[in-house]
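Asker: Quick one, fold the following:
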Amino acid sequence: MPEFTMPSLGADMDEGKLVEWLVGEGDTVAKGEVVAVVETAKSTIEVECFDSGTVSSLLVAPGTTVPVGAPLAVIGPATEPSARTTARPSAGPQPPESRAASVRPAPVDAATTSTPLVRHLAREKNIDLAAVHGSGKGGHITRADVLKAAPRPRGRVRASPLARRLAQALEVDLDQVRGTGRNGTIRADDVRGAAAEGAHRPHGRRPPAAEEWTTPPVRPSAGPGAPGTRTPAARAAISALMARANRDIPHYYLATTIDLAAAMAWMLHRNANSTVKERLVPAALLLKSVALAARQVPQLNGHWKDDAFVQATTVRLGVAVSLHGGGLAAPALADADTMGLPELMETLKDLVVRARGGRLRASETADPTLTVTNLGDQGVETVFGVIYPPQVALVGLGCVVERPVAVDGMLTVHPTVTATLSADHRASDGATGARFLTVLDQLLQRPEEL
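Answerer: Residues are numbered from 1 along each chain as shown. Below you'll find the model as predicted:
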């Protein structure tokens, strides 16, 4: 049977902490479905399943820290519920009382419309299966049906880590929120909806104590070092990775100033004829140009592995995002070179929001092929970054500023941006890096082709 293992969520990750299971034993899962929440030194990430099937067993309890590659669960072949008058052979031996019940005529026979795991859960929660409506095929009673029928103890609400943080920030009483996730789990959108409907915490009721939270609460307004953040751990992870990069990677650096007059004029004209939702910002044009340049100069798009450069077949553009309360994440825009500008813009906004809310998925943190750091919104004009191993290059973008430029022998003022390149001398040389920046410049002079 395939094992679901602790994934590598970044080159600097050696271990992770299992925060929460979003599935239980006996649940059917599909490949790509989010099944667990894992906390790394930098952030909390939703992890997708690698296989389709049935969760045979959960091997690691929430709160446990395990190394990358360690088995977390076993995924068996998918099973189809059956409403036949005899239990499936694979369900295992039934208790005597269940076998006796199967021969008595009854409108609903719990022994033949539920699995041993479901019957065990029902006994634990003191639920009469005869009174439970089965939502599965042929009236089969599922684990979710039992959980829905069970009274929910106050103070032990099933909710995702982000939902708990949002509930605390928005002062929403989770006991008043209906969960729409698997097995009734309360998700972030449920909390937002409840907040809009006024499901606030009763006056005088204290927020949950720190030990009651699945993960430490991270408040959007918290600054570096503020209580409830993971700043020390995040900074330690970043420090270790950057120290390794400076020690092991022979960097070289290049910079150029790019005239954005054509790009900004095209963008402003496009925005004037677009809805507010469809309007672009300079960052979208810059990121798309970097992705296209990476495709045209593939010597900078890939990884250094086993003392050799391995060129990537697609462009996964990592975007450096500063996190609330300190730390840094670099989620990847997959196939950024093939995205249209509106799609790239929407995807970028979604990634940034979820990165800062601790809701990134494992597939979005895995192996960017080239990272961009943009400090323009901080007023920085030039940034030389440190390469994220095993990548071989990093592009830095500053803010758009008005500068004097010479055009056809005349001095004028145009919007410009300083683009920098930090590259690994083992994988490329200055001529390759210069070609990359030249291609980037050329692309931005033809914004209508992006």
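
Asker: Give the full set of residues in contact with Leu351.
Answerer: By CB atoms under 8 Å, 6 or more residues apart in numbering, the contact set of Leu351 is Val319, Val321, Pro331, Leu333, Leu360, Glu364. Placement of C-beta: from N, CA and C, glycine included.

Asker: Now the fourth one: which helix or strand?
Answerer: Assigned by DSSP states H and E, Leu333 belongs to strand 332-334.

Asker: One more: the last one?
Answerer: Assigned by DSSP H and E, Glu364 belongs to helix 362-365.

Asker: Output the contacting helices and strands for that helix.
Answerer: Judged by 3 or more CB pairs under 8 Å, 6 or more residues apart in numbering; DSSP states H and E, helix 362-365 is in contact with strand 44-48, strand 332-334.

Asker: Could you single out the most deeply buried of the ones you listed?
Answerer: strand 44-48 (a mean of 24; mean count of other CB atoms under 10 Å).

Asker: before we move on, the earlier item: can you give the strand pairings for the strand holding Leu333, parallel or anti for each?
Answerer: The pairing partners recorded for strand 332-334 under DSSP bridges are strand 316-319 (antiparallel).

Asker: got the residue ranges for the strands in the stretch 1-150 of the chain?
Answerer: 3-5, 15-21, 28-29, 34-39, 44-48, 53-58, 65-67, 71-76 (DSSP state E, counting those that start in this stretch).

Asker: Out of the ones you listed, flag the one nearest Thr257.
Answerer: strand 44-48 (37.3 Å; CB to CB).

Asker: residues in contact with the closest one?
Answerer: Against strand 44-48 from outside (CB under 8 Å, 6+ apart): 7, 9, 19, 31-39, 161-162, 215, 358-363, 365.

Asker: Narrow those residues to those that are buried.
Answerer: When the contacts of strand 44-48 are checked for burial by 16 or more other CB atoms under 10 Å, the buried set is 7, 9, 19, 34-39, 161-162, 215, 358-363, 365.

Asker: Output the below-cut-off pLDDT ranges for this protein.
Answerer: For the chain, the stretches with pLDDT under 70 are 1, 11-12, 79-117, 120, 137, 151-156, 183, 197-235, 325-326.

Asker: how long is stretch 348-366 end to end?
Answerer: Terminal residues of stretch 348-366 lie 16 Å apart, using CA to CA, to the nearest Å.

Asker: picking up where we left off before, which of the strands of the stretch 1-150 of the chain sits closest to Ala243?
Answerer: Closest approach to Ala243 among these (CB to CB): strand 15-21, 18.5 Å.

Asker: Any buried residues in that closest one, and which?
Answerer: Gly16, Lys17, Leu18, Val19, Glu20, Trp21.

Asker: I figured the fifth one was touching Pro62, is that so?
Answerer: Yes - contact between Glu20 and Pro62 holds when scored by CB atoms under 8 Å: they sit 5.5 Å apart.

Asker: How is this protein partitioned into domains?
Answerer: 3-76, 89-141, 232-449 (automatic domain parsing).
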